[in-house]
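S.K.: what follows is a protein structure lacking sequence information:
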């Protein structure tokens, strides 16, 4: 086999799509078929103890496939897209040295974009400024930060959700420190990933079915221990705002614990917000170039086989040094 480190087109797979579309399960099957290892790009699954609310696969569901960038930081710790890029670049090189195929899967589009196209070179973090912005958010609400950003940088405000505190704070921080709109700097200083040939698989289930699955998943999360999970997190890091307590489900469960919301309201708000988030995810990922979209769930046997067949055809099959897809019908239980 030709030394994998010398290859400029080493295969790598990325699975994208909205939450509850079955990405994780399909990633396990494809990684098994490819001889691959999975790299998570979900911004909540990086946190230890955030299992129920983030939809982490159990050890049994991972079926022996190595998973990376899961359970790597403590709640309350900031883990940025830049942190993800540095860890991801190191991992994909290590996986290549093992002659395995990196299989990326998750729903945080910014993390994937950071890895593939790089990040802009902006001013360093200012904890003093960030703390001031957090205090403003605590006094006046997240939407107040968004209104501030509308005045400073309308283009960034248009793409950042009014309740996404972490992104709002970073955008405002850059505006003040750089004395320029955040949006003006985004295209500068990027360094794209090289040396890999990426095959992108997208899942796009029918919208009505997806929303039904989201509603059911949220109900199962709350019934399956999400509130207790949030209590355990707050026992370790306190009730202060910050990751992952601002994530969908966690925020509502915390509001229930604090007496600000009934359990029924917490479930209903999480369902609505998650459906809206799924729509934004699809909008984001549809901007990704060269995605092969499949109109169904990753757990659907037909979609699994279609994805396998496309990869088998798309990946070069005659190169003696490539990692060959193996025994599709055995892998997919057919």
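M.R.: Arrived safely. Since the structure is predicted, the reported quantities are computational estimates derived from the model, not experimental observations.

S.K.: from here on, just use CA atoms for contacts and neighbour counts.
M.R.: Will do.

S.K.: okay, now the domains of this protein?
M.R.: 7-119+190-331, 127-185 (automatic domain parsing).

S.K.: adding mean pLDDT, write those out as CSV.
M.R.: Listed next are the domains of the chain as CSV, based on pLDDT from 0 to 100:
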stretch, mean pLDDT
domain 7-119+190-331, 91
domain 127-185, 88
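
S.K.: and what about residue 11, helix, strand or coil?
M.R.: Counting by DSSP: H, G, I helix; E, B strand; the rest coil, the backbone at residue 11 sits in strand.

S.K.: residues touching it, list them.
M.R.: 101-102, 196-199, 315 (Cα atoms under 8 Å, 6 or more residues apart in numbering).

S.K.: got a list of what residue 122 touches?
M.R.: 174, 178, 185.

S.K.: just the buried members of the contacts of residue 11?
M.R.: 101-102, 196, 198-199, 315 (16 or more other Cα atoms under 10 Å).

S.K.: and which of those residues is nearest to residue 48?
M.R.: Nearest to residue 48, judged by Cα to Cα, of those is residue 102 at 22.5 Å.

S.K.: so which strand or helix has that closest one?
M.R.: strand 101-105 (DSSP states H and E).

S.K.: quick revisit: could I get the contacts of residue 11 as CSV with secondary structure and distance to residue 10?
M.R.: Formatted as CSV, the contacts of residue 11 follow (DSSP: H, G, I helix; E, B strand; the rest coil; distance: Cα to Cα, whole Å):
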residue, secondary structure, distance to residue 10
101, strand, 8
102, strand, 10
196, strand, 5
197, strand, 6
198, strand, 8
199, strand, 11
315, coil, 10
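
S.K.: from those, which two are the most distant?
M.R.: Maximum pairwise distance in those, criterion Cα to Cα, is 13.8 Å, between 102 and 315.

S.K.: residue 115 sits in which helix or strand?
M.R.: Counting by DSSP H and E, residue 115 is part of helix 109-117.

S.K.: by contact count, what packs against that helix?
M.R.: Here helix 109-117 touches helix 81-97, helix 263-285, going by 3 or more Cα pairs under 8 Å, 6 or more residues apart in numbering; DSSP states H and E.

S.K.: out of these, which is closest to residue 203?
M.R.: That would be helix 263-285 among these, by Cα to Cα, at 9.2 Å.

S.K.: and the gap between the nearest residue to residue 107 once chain neighbours are set aside and residue 270?
M.R.: Counting by Cα to Cα, 6 or more residues apart in numbering, the nearest residue to residue 107 once its immediate chain neighbours are dropped is residue 42, at 5.3 Å. Separation of residue 42 from residue 270 (Cα to Cα, to the nearest Å): 18 Å.

S.K.: what about residue 305, how many residues close to it?
M.R.: Using other Cα atoms under 10 Å, residue 305 is surrounded by 17 other residues.

S.K.: just the buried ones among the contacts of residue 122, please.
M.R.: For those, buried by 16+ other Cα under 10 Å: 174, 185.

S.K.: okay if I get the contacts of residue 122 as TSV plus distance to residue 227?
M.R.: Below are the contacts of residue 122 laid out as TSV (distance: Cα to Cα, whole Å):
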residue	distance to residue 227
174	35
178	41
185	40
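
S.K.: out of the contacts of residue 122, flag the one nearest to residue 34.
M.R.: residue 185 (38.3 Å).

S.K.: so the closest one touches residue 120, yeah?
M.R.: Yes - Residue 185 is within contact range of residue 120, at 6.5 Å (criterion: Cα atoms under 8 Å).

S.K.: picking that back up, now render the helices and strands packed on helix 109-117 as TSV, adding mean neighbour count and distance to residue 26.
M.R.: Shown next, in TSV, are these (neighbours: other Cα atoms under 10 Å; distance: least, Cα to Cα, whole Å):
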stretch	mean neighbour count	distance to residue 26
helix 81-97	17	19
helix 263-285	18	17
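
S.K.: make CSV out of the ones you listed and add distance to residue 35.
M.R.: Below are the helices and strands packed on helix 109-117 laid out as CSV (distance: least, Cα to Cα, whole Å):
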stretch, distance to residue 35
helix 81-97, 11
helix 263-285, 26
